[in-house]
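Chemist: Dropping a prediction and its sequence here:
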Amino acid sequence: MTKIGTFSLLALLAMLVALGGCSVPVTPGVAPAPDGSGTSLKTLDGGTVSTAELEALIAEAIEEPCVQELEVPAGDVTLHVRIAGDPQAGEVLIAINGGPGMPSDYVRSLEGLVGEELAVVNYDQRGTGRSTKPPSGDDLASYALLRYVEDLEAVRQALAVERVHILGHSWGGLVAMRYATVHPERVRSLLLMGSGPPTSQARTVGFSSLGRRIRELQREGVIPRELPTGDTELWKAILPAYFSDPSFEPPDELKNVPIDGTINRLTMSALGNYDFTQEVSKLDHRVLILWGEDDPFGLPMGEATRDALSNAQLEFVVLENCGHFWQECPDEFFSRVRAFLELPPAP
């Protein structure tokens, strides 16, 4: 398209605005000027914007997924929810980040899956990011696993969809599995990356493995022997242990993530000694388990989750040259996820 009239431009902009309720990123202060040229629009300050520039903006708007942000009431908290794509147009994947005590920013790379067939949703868990904290303060009941489960259900209801795919990473995998045991009819499939296991015993084994990895990297001088005491500073210091290659440069949303250690400790205390293997064994959903071959929590923790899902239609994949986060092995990760969700290959 090399030339476009004012009225056809406006019609196209209006159509794009109507799609999914998202706004088109048009330069502020631009207004159509019926000068009859059909090659430029006059701005409010008397200048002009060429139709080529507007066409470029429109093309960018078409390529980028429609993104909406909602505040969703969930019992004693309000959850900040981000929706990429149109949940009414196809299927929906809800992503649950790890932690607990971390915001959801680092899972936004999953929005690369968005298309006509799929919308991707993530949310800040209770007390983190832009979600509110429970008014009860340090009450353990406010951070019980079933509270996290019902938060997820509140998000699903806000989307007005009957069934969803759920991707849980690390701690988020624990939430995803427990949600499936409580609301099995709402789950299309489960995707678990580096998931927490369904028993506290397997979790203890995993954290022992992580501790050994940290001490190994301390001996090698990669991680300082004297660890910081602040939660966020401690996270930054030990982050190399979570990667197959400790020198991997993580994206900012991982490296600079704020950690709320209080929420982490309250949630883990509320979790206590747990075992919902029996409940998980009843799930007959399609399940994809992805596990980095160098995940610091160790393969036995991934195998514990695999073995517990004894009745599921399960695929278990070990990702080579990968640790705990898919950001280190994005090509294989996204290829596996796309295939499992029956999405077209990435362009």
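Modeler: Thanks, I have the structure now.
Chemist: tell me the contacts of residue 276?
Modeler: Counting by Cβ atoms under 8 Å, 6 or more residues apart in numbering, residue 276 makes contact with 177-178, 181, 198-199. For the C-beta atoms, the positions are set from N, CA and C on the backbone; glycine is no exception.
Chemist: Show me the strands in the stretch 51-200 of the chain, by range?
Modeler: In the stretch 51-200 of the chain, strands defined by DSSP state E, counting those that start in this stretch lie at 67-74, 77-84, 91-96, 118-123, 164-169, 187-193, listed in chain order.
Chemist: hmm, who's touching the third one?
Modeler: Counting contacts by Cβ under 8 Å, 6+ apart, the residues outside strand 91-96 that touch it are 104, 107, 110, 113, 117-123, 125, 152, 155-156, 159, 161, 164-169, 172-173, 175-176, 188, 191, 341.
Chemist: Which among those residues count as buried?
Modeler: Buried subset of the contacts of strand 91-96 (neighbour count, 16 or more other Cβ atoms under 10 Å): 104, 107, 110, 113, 118-123, 125, 152, 155-156, 159, 161, 164-169, 172-173, 175-176, 188, 191, 341.
Chemist: Can you pull the poorly scored residue ranges out of the protein?
Modeler: Applying pLDDT under 70 to the chain flags residues 1-49, 51-64.
Chemist: mind running it again at 90?
Modeler: 1-65, 89-90, 136-138, 253, 255-256, 344-347 (pLDDT under 90).
Chemist: top helix in it by residue count?
Modeler: helix 200-219 (DSSP state H).
Chemist: Would you mark the buried spots in that helix?
Modeler: 202-203, 205-206, 209-210, 213-214, 217-218.
Chemist: Secondary structure element holding residue 278?
Modeler: In this structure, residue 278 sits in helix 277-280 according to DSSP states H and E.
Chemist: who touches that helix?
Modeler: 177-178, 180-181, 198-199, 308-309.
Chemist: List the first helix or strand encountered after that helix toward the C-terminus.
Modeler: strand 286-292.
Chemist: residue closest to the middle of the chain?
Modeler: Averaging the C-alpha coordinates of the chain gives a centre point, and the residue nearest to it by Cα atoms, centre = their mean is residue 107 (3.1 Å).
Chemist: Residue 327 versus that residue, what's the distance?
Modeler: Counting by Cβ to Cβ, to the nearest Å, the gap from residue 107 to residue 327 is 10 Å.
Chemist: what's the answer for residue 132, then?
Modeler: 28 Å.
Chemist: Also residue 318?
Modeler: Taking Cβ to Cβ, one finds residue 318 at 17 Å from residue 327.
Chemist: before we move on, what about residue 116?
Modeler: 26 Å.
Chemist: Comparing these two, which residue is more hemmed in?
Modeler: residue 327 (18 against 11; other Cβ atoms under 10 Å).
Chemist: Surely that one and residue 250 touch.
Modeler: Yes. Using Cβ atoms under 8 Å, residue 327 makes contact with residue 250 at a distance of 6.3 Å.
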